[in-house]
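Asker: attaching a predicted model along with its sequence, questions to come.
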Amino acid sequence: MKNQITFAVIDDEIEIREIISFYLENEVAKNYPINVKLFENPRSLLDQTDFSKSFPYDFILCDNLMPQMSGEEFYSVLLDKKVETNFILVAGKKPSNPLFLDGNLYQGYIQKPKIIEGLKTIFEKINFDKYFVAINQDYVTAHKTDYIKIPIKMIKMFQIIPSDLYLVLGKEKAVKIFLKGDMLTPEDYASLEKKEVEYLYVNFYDSHTISEAIEEKLLLLTKENHDFPIENKISSIYNVVHSISNIFSINKEFSSLISSSINSLTSQIKDSDAKYLILNLLNNKDSYLTQHSFLTLFISNILCSQLKWSNESTLQRLTFAAIFHDIALTDFNLNEKKELKEVFQDQAILKDSAVSKMNPLAERQKLFMNHVGKAIQIINKIKETPLGVDKIILEHHEDPFSKGFPRQLSPQNISPISATFILSHHLAQTIIEMKDEGIELSDNNVRKKIAIEDFEKGNYKEAAKAFLSIKLFN
């Protein structure tokens, strides 16, 4: 992952390349870390670029009339390869090729010899902040702060720490407590947990080392490894994907690796005994969100099997939905059912904007209400997401009483796959509550706890009927 804005300057005249480079390094670099690479012609850039990976340049400033390949020809190649970049033409006259008008890469034209004026005009309109790693409001860009926070649960995945780690004390002070290359012991983690430290911090300019280590971890998780038990894979994939989604931008590499790791997990789940997975999950010391998300998945998979909907495509959709439906909730131990009860105990708070601004409960309400929309924004960055996952996520807080959110859908208007996911979601929360209360986990006790008649209507009916026929426990 890049921690700087990258520019490619292409012109067959060395003087033009140096003028543009001088401006970038003396003006843009005042506020942002940048990297500028100079090329004599487009062919050199194409020969040096691996298009199977993310395109390495955020901006291309390119001449048009050049001996080996014109700017217009080069632009056409970039469109064909579907790269993501910003193309600025620096030439003696405006482009005549209609591709420039229709192409979404084209950001404007700078007329020679008024290059400095043209650069100022174009760059004044560009928000450079978006080219940095932070996407969550808790993280800010490099010129505003020196650190980004990394959850302890993510750091636990590394045997060897990939970057110096800091404990931030207030706004002004950060203390380095671990060095790059350190091996963290169980005692280290126990000490941090005892002190209730949930996050450590990495210097912004070293953040790429963390993202590269995550990429390696995801790559490992995509491989079939029988020495790596599925229960460990479940926890690892959830922690990795959750951390990426809430800390780093999901670039092309992350998108592909996330999809591959989830598909690999789906394949292993398909070949595993669902009841074993449920018991193993409940006996592990995973976070609430991890247990809740995968318990929802395993139950929905059993229900779909009973309904004769069980196939790899359905399981893949359910796996993506289970992992991503609460991905925007940053507290791993937040219990959704308790949170719903607490944050909506006083509906008047949301209606009074003056009160809302001063009330922490109102802020929690807004965060919880927004987590569905944020989850869909995140899932839309994963290009390989199966069709229909966004709909399941959008509808997972609907209910059979038409009082859910965000749309209060009636039982007749909910999609059947979402209805099955919602019932599974409800069952997962109930089972976790039973475990916490010390109630014996058995099918009979679960049925006593669940008012299944509430679900015997509309598109929930088939899932409710299937529930009465399945066994979750031996």
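Answerer: Cool, got the structure.
Asker: the helix or strand Asn301 falls within packs against which elements?
Answerer: Per DSSP states H and E, Asn301 falls inside helix 288-306. On a contact count with 3 or more C-beta pairs under 8 Å, 6 or more residues apart in numbering; DSSP states H and E, helix 288-306 meets helix 230-247, helix 252-270, helix 274-283, helix 312-324, helix 416-436, helix 461-467. C-beta here means a position set from N, CA and C on the backbone, and glycine is covered the same way.
Asker: so for Thr185, which of these sits nearest?
Answerer: helix 230-247 (18.7 Å; C-beta to C-beta).
Asker: hey, C-alpha coordinates of the helix or strand containing Tyr166 in CSV?
Answerer: Using DSSP H and E, the element containing Tyr166 is strand 165-169. Presented in CSV, the C-alpha positions along strand 165-169 are these (Å, rounded to 0.1, in the frame of the first residue of the first chain):
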residue,chain,number,x,y,z
LEU,A,165,4.8,0.4,17.6
TYR,A,166,3.9,3.3,19.9
LEU,A,167,1.6,3.9,22.9
VAL,A,168,0.0,7.3,22.4
LEU,A,169,-0.4,9.3,25.6
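Asker: where along the stretch 351-474 of the chain do the helices fall?
Answerer: Shown for the stretch 351-474 of the chain, the helices assigned by DSSP state H, counting those that start in this stretch span residues 353-358, 360-379, 389-395, 416-436, 443-449, 461-467.
Asker: what ranges of the stretch 151-300 of the chain fall below the confidence cut-off?
Answerer: 169-174, 222-229, 246-253 (pLDDT under 70).
Asker: do that again at 80, thanks
Answerer: 151-159, 167-177, 184, 189-199, 203-236, 239-240, 242-257, 271, 284-287 (pLDDT under 80).
Asker: buried sites along stretch 421-433?
Answerer: Using 16 or more other C-beta atoms under 10 Å as the test for burial, stretch 421-433 gives Phe421, Ile422, Leu423, Ser424, His425, His426, Leu427, Ala428, Gln429, Thr430, Ile431, Ile432.
Asker: for stretch 23-32, same thing?
Answerer: By 16+ other C-beta under 10 Å, the buried positions in stretch 23-32 come out as Tyr23, Leu24, Val28, Tyr32.
Asker: re earlier: does the strand holding Tyr166 pack against any helices or strands, and if so which?
Answerer: strand 147-151, strand 173-178, strand 199-203.
Asker: tell me how far the last one is from the chain's mean position?
Answerer: Okay, so that is strand 199-203. Put simply, strand 199-203 sits 19 Å off its chain's centre (C-alpha atoms, centre = their mean, to the nearest Å).
Asker: before we move on, what about the first one?
Answerer: In terms of C-alpha atoms, centre = their mean, the gap separating the centre of strand 147-151 from the centre of its chain is 15 Å.
Asker: just use 25 as the starting number from now, easier for me
Answerer: Got it, first residue is 25 now, which makes that one strand 171-175.
Asker: packing partners for it?
Answerer: In terms of contacts (3+ C-beta pairs under 8 Å, 6+ apart), strand 171-175 is packed against strand 189-193, strand 223-227, helix 254-271.
Asker: now with 6 Å, please.
Answerer: Strand 171-175 makes packing contacts with strand 223-227 when contacts are defined by 3 or more C-beta pairs under 6 Å, 6 or more residues apart in numbering; DSSP states H and E.
Asker: and the strand it packs on with strand 189-193, angle?
Answerer: The directions of strand 223-227 and strand 189-193 differ by 110 degrees, with axes from the mean of the first three to the mean of the last three C-alpha atoms, to 10 degrees as the criterion.
Asker: other residues contacting strand 223-227?
Answerer: Applying C-beta atoms under 6 Å, 6 or more residues apart in numbering, the external contacts of strand 223-227 come out as Tyr171, Lys173, Ile174, Pro175, Ser187, Leu189, Tyr190, Val192, Ile234.
Asker: now with 7 Å, please.
Answerer: Residues outside strand 223-227 that contact it (C-beta atoms under 7 Å, 6 or more residues apart in numbering): 170-176, 179, 187-192, 198, 234.
Asker: how about stretch 470-482?
Answerer: 424, 434-436, 438, 447, 451, 454-455, 458, 487-488, 491-492, 496.
Asker: try 8 Å
Answerer: The contact list for stretch 470-482 (C-beta atoms under 8 Å, 6 or more residues apart in numbering) reads 424-425, 434-438, 443, 447, 450-451, 454-455, 458, 463, 485, 487-489, 491-492, 496-497.
Asker: in TSV, list the buried residues of stretch 445-457 along with pLDDT and distance to Phe75.
Answerer: Formatted as TSV, those follow (pLDDT from 0 to 100; distance: C-beta to C-beta, whole Å):
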residue	pLDDT	distance to Phe75
Phe445	92	38
Ile446	93	42
Leu447	93	45
Ser448	92	41
His449	92	41
His450	91	46
Leu451	92	46
Ala452	90	42
Gln453	89	46
Thr454	90	50
Ile455	91	48
Ile456	88	46
